[in-house]
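[1] This is a predicted model, with the sequence first.
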Amino acid sequence: MDVVLTIETAVLSAICAIAAIGAAMFLSPRRAHPAATAPGPGDPGGPVLLFDATGLADASTDLRGLLAPDSDDPAPAPDWARLHDRLVATYPDLPRAPDTLGDGERRVIRARDDLLAGDILVERIGEVTRLCLAADSLAPATSPASRDGELDILRLAMDATPYPVWRLNGGGRVTWHNAAYGLLARKLRGKDVRLSQPLFPDDTTALPPGRRTRISIVADGQNHKLWFDVTVATLPAGRLFFAADINAVVDAEIAQRNFVQTLAKTFAQLPIGLAIFDRNRQLALFNPALIDLTALPADFLSARPALSSFFDRLRDRRMMPEPKNYTGWRQQMADLVAAAADGRYQETWSLPSGSVYSVSGRPHPDGAVAFLFEDITAEITLTRRFRSELELGQAILDHVEDAIAVFSPDGTLVFSNEAFHALWGLDPDRSFAQMTILDAARTWQNQSAPTPLWGELRDFVAARENRAAWGAELRLRSGEALDCAIQPIQNGATMVRFRRPEARNENLRQPQSVAAEPA
């Protein structure tokens, strides 16, 4: 019996001892983690916090006051969640829960503004999350002075910005504005303006958030509009507006529009057809003359056809020379575009209708190409008619027996007939150089007996006054006699005619008497 009591007593004593040890462990504070809370290499140098599954396990300093829940909160959030709420404004990338990190993972969380706070180091060690703060990490969240300093910076920044900023409440009244808004309001509405009344139109309250909208306002007593790009941000208590001055942009747009209209009017009055193709070789601009010259429909041109389609339509309407080889048509068009891009394209198109077009290609900025179509039918017709008349006159003179030569006022031989060429052995058409009265007189002198005629003739051709018809006799070295008649004609030109004695003109006189004749 004594042995049994002794055993029971020993068992009870052991149970009591174990219970006492458990109670002591339960009632004792959490064990510290001196190795984990000690600063490590790469730490920002501020407080170190350890979190486990139950919440804050340890800290290098007493931060439980920072994480203490509100007294009136019936269901307080976990320690990490409360810390996240305190720091998320400064550290937007701070994880919402510690278990989002993998085992052994380290993250450096940077502050929204490095002027306000340093970086945070977060690492996962098994079931424990280690959070190392910078020395100033908690200042924005805990220090009223820091918060006031940040507000002062924000106020100064808003007042220093050159763009008007203001806030409207739900009733459409201005509850706050920056300095630029106040200056603009006084400039447009006067010094006694009520700043609580919106400066911009009432329809700004319906603007979609985040989108720029162009709005104009007018000063009192003026008609000149001021233009702004207004952007809206939605706030919990009203809306925040930002206005950017775009008057310079609007003025530039107006100037550009006026310039384009001026160009359009100028192009519309041009008799030359104009077609400008952009860098993608699509028709970007044309004028009415192009429609008249090419007979292409206006709706086709307005549809901005490609350059190849444009010339295909010209070919179909027989408004360009018929290609000799259709298989090489595309290559011909490619060569045409390349030449136009280099400014080398210049051709005369003889159309089946009988019209003649001068077509040229010119490069334009940004890879564009311009083609000019000019109807030169009248010019070509006149040139052909003039050439035909010249050829007719030449043919008539070539059938005249007299040797005839015409000299311009500067002494250049401009006209002669076959009889002249045969008599003196001269053919100006076979020489690249122009023949003058000096060249002709030298030939005449070499083939005739000495006479003062040639010197007097040279002086007469160069003279501007005392120009009356006269003549003289001469004898070739062969012994043949000739009559020479000198006749002034229009525009200061001089005609020299040589004939045989049997056709002698009765009015011929000796050259010595010319100088004695009155003017």
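    Thanks, I have the structure now.
[2] part of a helix, is Asp152?
    Yes - according to DSSP: H, G, I helix; E, B strand; the rest coil, Asp152 belongs to a helix.
[3] Report pLDDT for it.
    Confidence at Asp152, expressed as pLDDT, is 75.
[4] That one and Asp159: what is the separation?
    Using Cβ to Cβ, to the nearest Å, Asp152 is found at 11 Å from Asp159. (C-beta placed from N, C-alpha, C; glycine too.)
[5] In terms of packing, which of those two has more residues around it?
    Set Asp152 next to Asp159 and count neighbours by other Cβ atoms under 10 Å: Asp159 wins out with 14 against 10.
[6] Can you give me every residue that contacts that one?
    178-180 (Cβ atoms under 8 Å, 6 or more residues apart in numbering).
[7] hmm, try it at 7 Å
    178-179 (Cβ atoms under 7 Å, 6 or more residues apart in numbering).
[8] Using the three-state scheme, assign it.
    In three-state terms, and counting by three-state DSSP, Asp159 is helix.
[9] Return the distance of it relative to Leu235.
    Look at Asp159 and Leu235: by Cβ to Cβ, they are 19 Å apart.
[10] next one: Arg189
    With distances taken as Cβ to Cβ, Arg189 is found 25 Å from Leu235.
[11] So Arg167 versus Arg173, what's the distance?
    As for Arg167, its distance to Arg173 is 10 Å (criterion: Cβ to Cβ).
[12] Name the residue in the two with the higher neighbour count.
    Shown here are Arg167 and Arg173; by other Cβ under 10 Å, Arg167 has more neighbours (18 against 14).
[13] Chain neighbours aside, what residue packs nearest to that one?
    Take Arg167 and drop its neighbours on the chain: the residue closest to it by Cβ to Cβ, 6 or more residues apart in numbering is Trp176, 4.4 Å away.
[14] so which strand or helix has that neighbour?
    strand 174-177 (DSSP states H and E).
[15] Give me the buried positions along that strand.
    Buried residues in strand 174-177, counting neighbours by 16 or more other Cβ atoms under 10 Å, are found at 174, 177.
[16] export it as PDB, just CAs?
    What follows is strand 174-177, C-alpha atoms only, in PDB (Å, rounded to 0.1, in the frame of the first residue of the first chain):
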ATOM      1  CA  VAL A 174     -15.300  76.200 -56.900                       C
ATOM      2  CA  THR A 175     -14.000  75.000 -53.600                       C
ATOM      3  CA  TRP A 176     -10.300  75.300 -54.300                       C
ATOM      4  CA  HIS A 177      -8.000  76.700 -57.000                       C
END
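[17] Check which strands are paired with it and give the direction for each one.
    Strand 174-177 pairs in its sheet with strand 165-168 (antiparallel), by DSSP bridges.
[18] what separates the strand it pairs with from the chain centre, distance-wise?
    Centroid displacement of strand 165-168 relative to its chain, using Cα atoms, centre = their mean, to the nearest Å, is 36 Å.
[19] what about that strand, average pLDDT?
    The average of the pLDDT scores along strand 165-168 is 90.
[20] longest single strand anywhere in the protein?
    Ranked by number of residues, the top strand in the chain under DSSP state E is strand 225-235.
[21] Look at the residue nearest to the spatial centre of the chain and give its secondary structure.
    Nearest residue to the geometric centre of the chain (Cα atoms, centre = their mean): Asp366, 7.5 Å. Using three-state DSSP, the secondary structure recorded for Asp366 is helix.
[22] got the contact list for the closest residue to it other than its chain neighbours?
    Nearest residue to Asp366 in three dimensions, chain neighbours excluded: Arg279, at 5.7 Å (Cβ to Cβ, 6+ apart). By Cβ under 7 Å, 6+ apart, the contact set of Arg279 is 366-368.
[23] The nearest residue to Ser216 once chain neighbours are set aside pairs with what?
    Among residues not flanking Ser216 along the chain, Lys225 sits closest, at 4.2 Å (Cβ to Cβ, 6+ apart). Beta-bridge partners for Lys225, by DSSP bridges, are Val218.
[24] Give me the distance between Lys225 and Pro452.
    Lys225 is 89 Å from Pro452, by Cβ to Cβ.
[25] for Ser416, same thing?
    23 Å.
[26] Same check on Ala441?
    From Ala441 across to Pro452, the span is 12 Å (Cβ to Cβ).
[27] any common contacting residues for these two?
    By Cβ under 7 Å, 6+ apart, no residue touches both Ala441 and Pro452.
[28] Give me the more crowded residue out of these two.
    For Ala441 versus Pro452, neighbours defined as other Cβ under 10 Å are more numerous around Ala441 (17 against 11).
[29] Next, the closest residue to that one other than its chain neighbours: secondary structure please.
    Spatially, and ignoring its direct neighbours in sequence, Ala441 is nearest to Trp454 (4.4 Å; Cβ to Cβ, 6+ apart). Taking three-state DSSP as the rule, one finds Trp454 in the helix state.
[30] and the residue nearest to Asp366, backbone torsions?
    Backbone geometry at Arg279, expressed as degrees, to the nearest 10, gives phi -60, psi -20.
[31] any idea how far it lies from Val337?
    12 Å.
[32] Ok, Arg330 next?
    On the measure of Cβ to Cβ, Arg330 and Val337 end up 11 Å apart.
[33] Pick out whichever of the two has more residues nearby.
    Val337 (18 against 11).
[34] got the domain boundaries for the chain?
    Listed domain ranges for the chain are 1-30, 34-142, 161-249, 270-379, 400-513 (source: automatic domain parsing).
[35] and the ones you listed, which one's lowest on average pLDDT?
    domain 1-30 (a mean of 44).
[36] need the domains of the chain in JSON lines with distance to Asn258, can you?
    Below are the domains of the chain laid out as JSON lines (distance: least, Cβ to Cβ, whole Å):
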{"stretch": "domain 1-30", "distance to Asn258": "80"}
{"stretch": "domain 34-142", "distance to Asn258": "47"}
{"stretch": "domain 161-249", "distance to Asn258": "15"}
{"stretch": "domain 270-379", "distance to Asn258": "17"}
{"stretch": "domain 400-513", "distance to Asn258": "49"}
